[in-house]
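Visitor: Kindly return the folded structure for what I paste below:
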Amino acid sequence: MTKKTYVKTLAGAMALVFAGGAAQADELVIATTGGLMRNTLEEYFYLPFQEASGTEVIPFDIEVPDQWARAEGMMRTGNVEFDIVTATGPDLVDKADILVDIPCADLPNVAEYALPGACTTKGVARTTGGMVLTYNTDAYEGDQPSTWADFWDTETYPGPRGLPDTGDRDWWLPVVALLADGVAKEDLFPLDLDRAYAKLDEIRPEIAVWWKTGNQVQQIMRDDEVVMTMAYSGRALKVVQDGNPFAMAWDGAIRDTGYFAVLKDSPNPEAAMEFIDFFYGDADGHPGFISDVGYATSSTIGLRQLPEEEQKLYATYPDNYELLVDPDFAWIGENRDELRDRWTNWLLQ
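Guide: Got it, this is the predicted structure:
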């Protein structure tokens with residue numbers, strides 16, 4: 001079956017899923033961040049899907065917070081312009097009421113190729129990385145650090161550290177503190193914040209840099225300001241690939257996934273599901289996309305096309321994927337105010 005025939009066949013199946021909706025349009029609007037992500041998605045997936053399906057993909061460049069503000073405004077006016085939006089794990093909980101349910105079992109490529117947990121009720125994983133322990137391999141002779149307990153072990157592994165003061169650090173750091181204190185990753189949630197902050201008190205004097213951006217964490221690694229840091233895996237990967245003496249330790253890395261989600265009352269939900277399924281089954285696009293953006297897709301046909309040694313640098317490599325922390329976003333969402341207040345008060349002490 002050709003790609004075009006397959007997409008049209010899936011269109012019929014999706015028409016049944018969305019029975020009663022508007023007739024299928026010939027446009028699909030996808031909201032995502034601009035720059036590298038938009039350009040690579042367009043090259044490796046938007047244009048091939050457009051050719052296979054006849055549906056024109058219209059990228060809409062927008063940062064995620066602005067996207068949600070705009071989407072909620074669309075819901076109030078009843079004029080929904082986006083079909084697919086970009087979501088984080090917490091977004092799938094916080095914005096569930098404006099997102100359609102994903103018919104995972106009715107998307108054949110998703111059903112066949114998605115990694116465990118990649119297709120959820122409200123979103124399908126696009127790219128997956130990790131908030132990962134990254135360390136300077138020249139800093140230590142013999143055993144290298146491999147866990148968050150090693151990050152806290154300043155006697156065995158001395159030297160300045162870095163941690164984030166950005167993004168979701170209000171739950172990232174309690175998570176890794178508990179891991180360092182011996183909590184198994186499957187027992188992390190609900191988070192014991194008193195225990196976590198007692199552990200954070202121990203490492204605080206060793207933190208030389210509280211970094212705020214992806215660019216900054218790369219720079220402190222390149223400039224040898226730290227021997228260890230938590231880092232976005234895609235940012236750390238670029239530092240490694242540029243020849244700097246750093247490596248990533250995946251044990252206890254926090255799974256960091258960007259999702260495709262579909263807005264309720266979107267103009268073309270059928271095409272949105274077709275595109276998501278095409279993304280999972282379009283084997284040709286994955287290797288170049290993964291290499292260009294520095295993050296792996298969650299389709300099993302993607303990463304395995306790269307050389308074995310290169311696969312090991314990504315979160316979805318099987319040996320890495322099983323080590324990742326799978327966050328409980330429902331609990332995080334329910335306790336977000338407490339998490340933020342606790343973090344803010346601790347950092348200001």
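
Visitor: Which secondary structure element is home to the residue nearest to the spatial centre of the chain?
Guide: By CA atoms, centre = their mean, the chain has its centre lying nearest to residue 257, at 1.9 Å. Secondary structure from DSSP states H and E places residue 257 in strand 246-262.

Visitor: Kindly report the same for residue 338.
Guide: In this assignment (DSSP H and E), residue 338 forms part of helix 336-348.

Visitor: And that helix, what's buried?
Guide: 336, 339, 342-343, 346 (16 or more other CB atoms under 10 Å). To be clear about C-beta, it is placed using only N, CA and C from the backbone, and glycine gets the same treatment.

Visitor: ok, residues contacting that helix?
Guide: Residues from elsewhere that reach helix 336-348, judged by CB atoms under 8 Å, 6 or more residues apart in numbering: 90, 165, 169-171, 173-174, 191, 193, 197, 200, 210, 332.

Visitor: Show me where this protein has its strands.
Guide: 27-32, 56-61, 84-87, 124-136, 161-164, 207-211, 228-232, 246-262, 296-297 (DSSP state E).

Visitor: Would you tell me which one of the ones you listed is buried the most?
Guide: Each of the strands of the chain was scored by mean neighbour count; the highest is strand 296-297, a mean of 28, by mean count of other CB atoms under 10 Å.

Visitor: What helices and strands are in contact with that strand?
Guide: Strand 296-297 sits against strand 124-136, helix 286-293, helix 300-303, with contacts defined as 3 or more CB pairs under 8 Å, 6 or more residues apart in numbering; DSSP states H and E.

Visitor: And the shortest one, what does it pack against?
Guide: Contact partners of helix 300-303 among helices and strands, from 3+ CB pairs under 8 Å, 6+ apart: helix 286-293, strand 296-297.

Visitor: Highest mean neighbour count out of those?
Guide: Of those, strand 296-297 is the most buried (mean count of other CB under 10 Å), at a mean of 28.

Visitor: In its sheet, which strands sit next to it, and in what direction?
Guide: strand 124-136 (antiparallel) (DSSP bridges).

Visitor: related to what we said a few turns ago, and the strand holding residue 257, what does it pack onto?
Guide: Looks like strand 246-262 contacts strand 84-87, helix 89-94, strand 124-136, helix 148-152, helix 169-180, helix 233-241, helix 269-281, helix 318-321 (3+ CB pairs under 8 Å, 6+ apart).

Visitor: so how far is the third one from its chain's centroid?
Guide: Here strand 124-136 shows a centroid-to-chain-centroid distance of 7 Å under the convention CA atoms, centre = their mean, to the nearest Å.

Visitor: Against residue 78, how distant is residue 137?
Guide: Per CB to CB, to the nearest Å, residue 137 is found 56 Å from residue 78.

Visitor: now do residue 170
Guide: From residue 170 to residue 78 the distance is 35 Å (CB to CB).

Visitor: Who has more neighbours out of these two?
Guide: Shown here are residue 170 and residue 78; by other CB atoms under 10 Å, residue 170 has more neighbours (21 against 7).

Visitor: For that one, which non-adjacent residue is spatially closest?
Guide: residue 343 (3.8 Å; CB to CB, 6 or more residues apart in numbering).

Visitor: Please apply the same query to residue 129.
Guide: Closest to residue 129 by CB to CB, 6+ apart is residue 233, at 4.0 Å.

Visitor: contacting residues for the one you found?
Guide: 129-132, 248, 253, 256, 294-295, 314-315.
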